[in-house]
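Engineer: Show me the folded form of this:
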Amino acid sequence: MQGHESHEHDHGSHHQGHVTELPRDTEGLPEAGKTELVELSDGDEFELEIIPVKKLIGDATVRMLAYNGSVPGPTLKVPQHATIAIPVTNHGDIEATVHWHGLRLENRYDGTHDTQAPIPVGESFTYQVHVPDPGAFWYHPHIREDYGQELGLYGNILVTPSEADYWPPANRELLVTLDDILIEEGQIAAFRESETTHVAMGRFGNVMLVAGEAGLSLEARRGEVVRFYFTNTANTRVFNVAMPGAEMKLVGADAGHYEREELVEEVLLAPSERVVVDVLFSAPGELELEHRTPERTYRLASVNVSDELPEQSFADQFGQLRTNRDMAEQRERIEPYLKAPPDKTLSFVAEMDMGVPEGVEVVYVCPMHPEVVSEEPGSCPKCGMKLLAQAAEETTYVCPMHPDVTSDKPDRCPKCGMKLVPESMVAAGAGHSHHGHEHERHKDHEGDAGHEHHGEHGHHGHGHHQHGESDHGHDTAQGIEWEDDMIEVNRMTTPANMRWKLVDQETGAENAQIDWTFHVGDQVKLRLVNEMDSDHPMPHPFHVHGAGRFLILARNDVVEPNLVWKDTVLVRTGEIVDILLDVTNPGRWMAHCHIAEHHESGMMFSFNVEP
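Structural biologist: A predicted model of the protein is given here:
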């Protein structure tokens, strides 16, 4: 079905009325299979099929969507500069496209509503996928991303470099997706057919999936160097990955290798980012892959390191921290742009209107800090979020997971430790189970008490961060929301009451009204401003489609210390980030926040690149 025409798609056109949920039944569905590694050469063809499957996650058998029957979908291993044909047949629940994330391919195969009409259920479309850059890329839907990605529609593309020594030597390579999924009462939490929910913070999951599995076990050998390509496929969660007991070396990110290799203790990935780390397993034993936040540590996977030695050891080469000449040359090239004014400036802004109770006196409360109460509208002094109106009568606070626990103060639940919220907020979300959130928040592995505050683990390029002194993940210095701290309010937010905006500071144009035109060869300095003067300040992963790739120049006027080619950058709460876009590819290209619910609620625009 090659004759698709471009059409308009209004992400803000979600309507009120009868709520139809997308299917969750599993009867008659095939079991999800194992992810296949498919090696392809220039000119090869490989078919992808979107199908519903059933998959066992913990003790729940849930309906998911899969490419070729597996979650993640097939890993495509392709040599740099190759072009492959990918016919995609849609046997899923809704119309679809496939976006080839990070690839500078021909515009008409980018897989957005600007470049093709959606693939109807039962029909096909063939993509010509060109891979000009080395590294790990991925493919996923670009219509109802919030639904498709949550249900398992994602897969990796490994582009092997033309240069034999592009990466340092390693014994083997592993591609690992990092994800979370929201399971309630044995099913994936419901999606509405006509409307996106969880628009405020994005849909946080309560079960972690690593390479599609909730309890992944990996094997390694003593003295082995394993290259991990991590991809964050979650709707909204930022992952902070560590592997205590092993040595990690940061070697690459979204679209290639770093200027300098670095030994690191953890790596940070926002939604859609990739990180390439080499891991040296020096001693036998049981290790764990962890996701660390300031308040807790999650076990992501186990690694059993045997006493068996690899055929060849690269331990000595692992200790050599190389500087890559091509990226060092970029350091010289960007020098004139560091102090130059930006060509374009984008603000990230939220507008939230949850309504005001009628006929009663009201007070204004922060959903994330319910102890913050004001008689006047305003913003929370702790997190900057807009205070929401509620009836001023004496407030009862309740635990969303243990509604028998009540208090006249915004304490924490003695049973599960969760923050008590106003009873009116729980009532508004009635009918939804919270047991999944209990699983998420309190299934720490043994010994986590020592990780409650990790201290400083070093600050590296790619936004690798220092854990702040604050004991709350919304601290503005931290700039990252690690959990859904306002579950019921977040669940109730839709494009009707929550609007995320990208605003061109020069023209005032917002989202789809932004009208930019560049030319091939342009070097465009973009300034990204994550406004604190916003109804819900929070971090945003900003992604630019295949018009080019970019370098991070500076964060809050601090020059980026280690350069790497990027397609996504995490702009933290209150942060200003300057990037330099190397425009190489003509066509009409999208830029957007890669929190799926923000994108689906309109936080995106498209721009033109002329030859």
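Engineer: only C-alpha atoms for contact and neighbour calcs from this point on.
Structural biologist: Will do.
Engineer: pLDDT below threshold where in the stretch 451-600 of the chain?
Structural biologist: Within the stretch 451-600 of the chain, the stretches with pLDDT under 70 are 451-478.
Engineer: and with 90 instead?
Structural biologist: 451-479, 484-490, 492, 496-498, 532-537 (pLDDT under 90).
Engineer: which residue ranges form the helices in it?
Structural biologist: Secondary structure of the stretch 451-600 of the chain by DSSP state H, counting those that start in this stretch: the helices cover 487-492, 596-600.
Engineer: Please export the C-alpha coordinates of the helix or strand containing D316 as CSV.
Structural biologist: Element membership for D316 (DSSP states H and E) is helix 315-318. Coordinates of each C-alpha in helix 315-318 appear next as CSV, following Å, rounded to 0.1, in the frame of the first residue of the first chain:
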residue,chain,number,x,y,z
ALA,A,315,40.6,-6.2,30.6
ASP,A,316,43.7,-4.2,29.7
GLN,A,317,42.0,-2.4,26.8
PHE,A,318,39.0,-1.7,29.1
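Engineer: Other residues contacting that helix?
Structural biologist: Residues outside helix 315-318 that contact it (Cα atoms under 8 Å, 6 or more residues apart in numbering): P168, P169, G223, E224, V225, K249, D278, L280.
Engineer: and E36, how many neighbours?
Structural biologist: 15 (other Cα atoms under 10 Å).
Engineer: Can you give me the neighbour number for E47?
Structural biologist: Neighbours of E47 under the rule other Cα under 10 Å: 12.
Engineer: Now for the nearest residue to it once chain neighbours are set aside: which residues touch it?
Structural biologist: Sequence neighbours aside, P87 is the residue nearest to E47 in space, at 5.0 Å (criterion: Cα to Cα, 6 or more residues apart in numbering). The contact partners of P87, taken as Cα under 8 Å, 6+ apart, are E45, F46, E47, L48, S124, F125, T126, Y127.
Engineer: Let me have the residues you listed in TSV, extended by pLDDT, distance to N324 and secondary structure.
Structural biologist: Listed next are those as TSV, based on pLDDT from 0 to 100; distance: Cα to Cα, whole Å; DSSP: H, G, I helix; E, B strand; the rest coil:
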residue	pLDDT	distance to N324	secondary structure
E45	98	34	strand
F46	98	34	coil
E47	98	37	coil
L48	98	36	strand
S124	98	42	strand
F125	98	39	strand
T126	98	37	strand
Y127	98	33	strand
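Engineer: can you pull out the helices in the stretch 51-200 of the chain?
Structural biologist: 145-150.
Engineer: Low-confidence ranges, it, go.
Structural biologist: In the predicted model, the stretch 51-200 of the chain carries pLDDT under 90 at residues 113, 194.
Engineer: quick one: the helices in the stretch 201-350 of the chain?
Structural biologist: 315-318, 325-338.
Engineer: so can I have a markdown table of those showing mean neighbour count and distance to P414?
Structural biologist: What follows is these, written out as a markdown table (neighbours: other Cα atoms under 10 Å; distance: least, Cα to Cα, whole Å):
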| stretch | mean neighbour count | distance to P414 |
| --- | --- | --- |
| helix 315-318 | 14 | 48 |
| helix 325-338 | 13 | 52 |
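Engineer: returning to what we had before: want to try TSV for the helices of the stretch 451-600 of the chain, with mean neighbour count and distance to E506 as columns?
Structural biologist: Formatted as TSV, the helices of the stretch 451-600 of the chain follow (neighbours: other Cα under 10 Å; distance: least, Cα to Cα, whole Å):
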stretch	mean neighbour count	distance to E506
helix 487-492	21	32
helix 596-600	28	22
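Engineer: between the ones you listed, which gets nearest to P336?
Structural biologist: helix 596-600 (33.2 Å; Cα to Cα).
Engineer: Relative to N107, how far out is the closest residue to T112 other than its chain neighbours?
Structural biologist: Among residues not flanking T112 along the chain, H142 sits closest, at 5.7 Å (Cα to Cα, 6+ apart). Separation of H142 from N107 (Cα to Cα, to the nearest Å): 14 Å.
Engineer: now do W100
Structural biologist: 11 Å.
Engineer: between these two, who's got more neighbours?
Structural biologist: Neighbours per residue, other Cα under 10 Å: of W100 and N107, the larger number sits with W100, 27 against 19.
Engineer: How about the more buried one, nearest residue that isn't a chain neighbour?
Structural biologist: Take W100 and drop its neighbours on the chain: the residue closest to it by Cα to Cα, 6+ apart is Y139, 4.6 Å away.
Engineer: I figured W500 was touching A350, is that so?
Structural biologist: Yes: checked against Cα atoms under 8 Å, the pair W500 and A350 is within contact range at 4.6 Å.
Engineer: Bridged to A391, which residues?
Structural biologist: Per DSSP bridges, the residues bridged to A391 are V362.
Engineer: burial measure for it, as a count.
Structural biologist: For A391, the neighbour count with other Cα under 10 Å is 16.
Engineer: got the contact list for it?
Structural biologist: Contacts for A391 (Cα under 8 Å, 6+ apart) come out as P357, V360, E361, V362, V363.
Engineer: Distance of it relative to S374?
Structural biologist: 12 Å.
Engineer: Same check on G602?
Structural biologist: Distance from G602 to S374, by Cα to Cα: 31 Å.
Engineer: more crowded one of W500 and A350?
Structural biologist: Ranked by neighbour count (other Cα under 10 Å), W500 and A350 place W500 first, with 27 against 23.
Engineer: So for A391 and S374, which residues contact both of them?
Structural biologist: Common neighbours of A391 and S374, counting by Cα under 8 Å, 6+ apart, are V363.
Engineer: ok, now which ones touch L105?
Structural biologist: So L105 contacts V129, H130, V131, P132, G546, N585 (Cα under 8 Å, 6+ apart).
Engineer: Narrow these to those in strands?
Structural biologist: In strands, judged by DSSP state E, the following of the contacts of L105 are found: V129, H130.
Engineer: Pull the number of nearby residues for the closest residue to P132 other than its chain neighbours.
Structural biologist: Closest residue to P132 apart from its sequence neighbours, by Cα to Cα, 6+ apart: H81 at 4.5 Å. H81 has 15 neighbouring residues, counting by other Cα under 10 Å.
Engineer: low pLDDT regions in the stretch 251-400 of the chain?
Structural biologist: Checking the stretch 251-400 of the chain against pLDDT under 90 turns up 295, 350-400.
Engineer: Which stretches in it count as strands?
Structural biologist: All strands of the stretch 251-400 of the chain, identified by DSSP state E, counting those that start in this stretch, fall at 256-264, 267-269, 274-281, 285-292, 297-306, 344-352, 362-365, 373-374, 388-391, 397-398.
Engineer: Pairing partners for the fourth one, with directions?
Structural biologist: Which is strand 285-292. Here strand 285-292 is paired, per DSSP bridges, with strand 239-242 (antiparallel), strand 297-306 (antiparallel).
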